[in-house]
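# Turn this into a structure:
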Amino acid sequence: MRYQYLFPFDQVDKGSRIIIYGAGTVGLEFLDQITRLNYCNCAFIADRAYQDFLPIEGVEVCAPEQIKNSEYDKIVVATTKFHSEINELLREMGVAADKIIIKVVEAEDKTSKARDKVFKSPPMTRRLVNAIHRISPHLDFSVDEKSRTEWEWDQNAACWNEYECLRDTLEAFQKPMRILEIGPGLGRSLVFFSKKLGWQDCDIHVYDSDGDSTKYTMNGPRFDDSFCSDISELRRVLAYNNIENVQIHDAKSIALKDVPGPFDLVYGFYNVGYHWSLEYFLDDVLKLMGDKGVAIFTVPNSFKPFPGLQRIPYRTLEKSRADYRKEMLLVLGPAS
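The predicted model follows:
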């Protein structure tokens, strides 16, 4: 099996008891390598977002604070960024400097772990780099081939995670012929699902707008001026991936409720229902669904149904993504 990141075997003795810091891609690969080789024992994986994870190969994901009360030989940092901040945090916890291992080495084939490269990134431009950073502030790219490859890998990895937890839900329904995605960003999910689920002959619509920032208020109220997309770059990404059956509705020119529905499928990832409470958008969504449509939204793990949902059949599903993160889905519609 090929890996994108190599475990620092040269700094960890065989048979050691370690803690891996970071439950992302690097941490998963580190754990897989030491498990396959029976090289050392991982007490647990520490991650600030520990509540979002299920056990990984039987290893619990815990809060970093648990390190204080644990026995270990080394703590292996498994992230590609924020090394100095993590080192400082560990030192403040009383971890000795010689017990902290920060060495993330990339293997030669950097894209192998992303499986099939379904999503293709066009050449980087300054405008695309800026658009990516607005949507994902933690991604800081340059106008070069290395950044293009990295972003393409990142988008495919994210889409595979989404696909793994959504596939059985989407395939349970009849193929939708009219589809609306709310908040497509730069189109990764639209490209991926179109190719994997055969949506190339569907009538697809998306709803978003240009903007400088997004007012993220977890599960909070609705903002009609909260956008961070770039419609021009969205069009370029879709064209580069040969996705031509898409009509883009600019949210600054048309209200959500006035998008020409109804649709067989309405969906949104990490926007309506996640950062903004679906309660504020429910009337619009129900109008867009019509009598027979289905809507799927990602919602926080802490999501609690609100009274308005009694107007329509619904269900919540807890799914496990390919990276072992928990994902909560809210499914609305007659098939729920």
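
# Grab the longest helix from the chain for me.
Longest helix in the chain, counting residues (DSSP state H): helix 145-171.

# Does that one pack against any helices or strands, and if so which?
helix 188-197, strand 294-299, strand 314-320, strand 326-332 (3 or more Cβ pairs under 8 Å, 6 or more residues apart in numbering; DSSP states H and E). For the C-beta atoms, the positions are set from N, CA and C on the backbone; glycine is no exception.

# and those as TSV, adding distance to Pro262 and mean neighbour count?
Formatted as TSV, those follow (distance: least, Cβ to Cβ, whole Å; neighbours: other Cβ atoms under 10 Å):
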stretch	distance to Pro262	mean neighbour count
helix 188-197	19	21
strand 294-299	11	23
strand 314-320	17	14
strand 326-332	13	19
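
# Dump these to TSV, plus distance to His133.
Converted to TSV, the helices and strands packed on helix 145-171 look like this (distance: least, Cβ to Cβ, whole Å):
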stretch	distance to His133
helix 188-197	15
strand 294-299	22
strand 314-320	29
strand 326-332	25
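
# Bridged to the closest residue to Val285 other than its chain neighbours, which residues?
In this structure, Val285 finds its nearest non-sequential neighbour in Ala295, 5.5 Å apart by Cβ to Cβ, 6 or more residues apart in numbering. On the basis of DSSP bridges, Ala295 is bridged to Val266, Leu332.

# Tyr267 is in contact with Ala295, correct?
Yes - contact criterion Cβ atoms under 8 Å: Ala295 and Tyr267 qualify, at 6.6 Å.

# Check which element follows the worst-scoring helix or strand of the chain on mean pLDDT along the chain.
Least confident helix or strand of the chain, by mean pLDDT, DSSP states H and E, is strand 105-106 with a mean of 61. Per DSSP states H and E, strand 105-106 leads on to helix 126-135 as the next helix or strand towards the C-terminus.

# Buried by neighbour count: which residues of that following helix qualify?
128-129, 131-132, 134-135 (16 or more other Cβ atoms under 10 Å).

# now it: mean pLDDT?
Throughout helix 126-135, pLDDT has a mean value of 91.

# Now find how far off-centre it is within its chain.
17 Å (Cα atoms, centre = their mean, to the nearest Å).

# same deal with stretch 298-308?
Stretch 298-308 sits 19 Å away from the centroid of its parent chain (Cα atoms, centre = their mean).

# could you point out which element follows the longest helix of the chain?
Helix 145-171 is succeeded, C-terminally, by strand 178-182 (DSSP H and E).

# who's in contact with that next one?
The contact list for strand 178-182, computed with Cβ atoms under 8 Å, 6 or more residues apart in numbering, reads 189-190, 199, 202-208, 256, 259, 261-268, 271-272, 288.

# Those residues in strands, which ones?
Per DSSP state E, strands hold the following members of the contacts of strand 178-182: 203-208, 265-268, 271-272.

# Now which of those residues would you call buried?
Counted by 16+ other Cβ under 10 Å, the ones in strands among the contacts of strand 178-182 give 204-208, 265-268, 271-272 as buried.

# ok, the residue nearest to Val285 - contacts?
Going by Cβ under 8 Å, 6+ apart, Ala295 touches 265-267, 285, 288-289, 331-333.

# okay, these in a markdown table with distance to Phe141 and pLDDT next?
Output for the contacts of Ala295, formatted as a markdown table (distance: Cβ to Cβ, whole Å; pLDDT from 0 to 100):
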| residue | distance to Phe141 | pLDDT |
| --- | --- | --- |
| Leu265 | 32 | 95 |
| Val266 | 31 | 96 |
| Tyr267 | 27 | 93 |
| Val285 | 34 | 94 |
| Leu288 | 34 | 96 |
| Met289 | 37 | 95 |
| Val331 | 35 | 93 |
| Leu332 | 36 | 94 |
| Gly333 | 38 | 91 |
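
# which one of those is nearest Leu90?
Taking Cβ to Cβ as the measure, Leu90 lies nearest Tyr267 of those, at 39.9 Å.

# hmm, back to that, buried residues in the longest helix of the chain, which are they?
147-148, 150-163, 165-166, 169-170.
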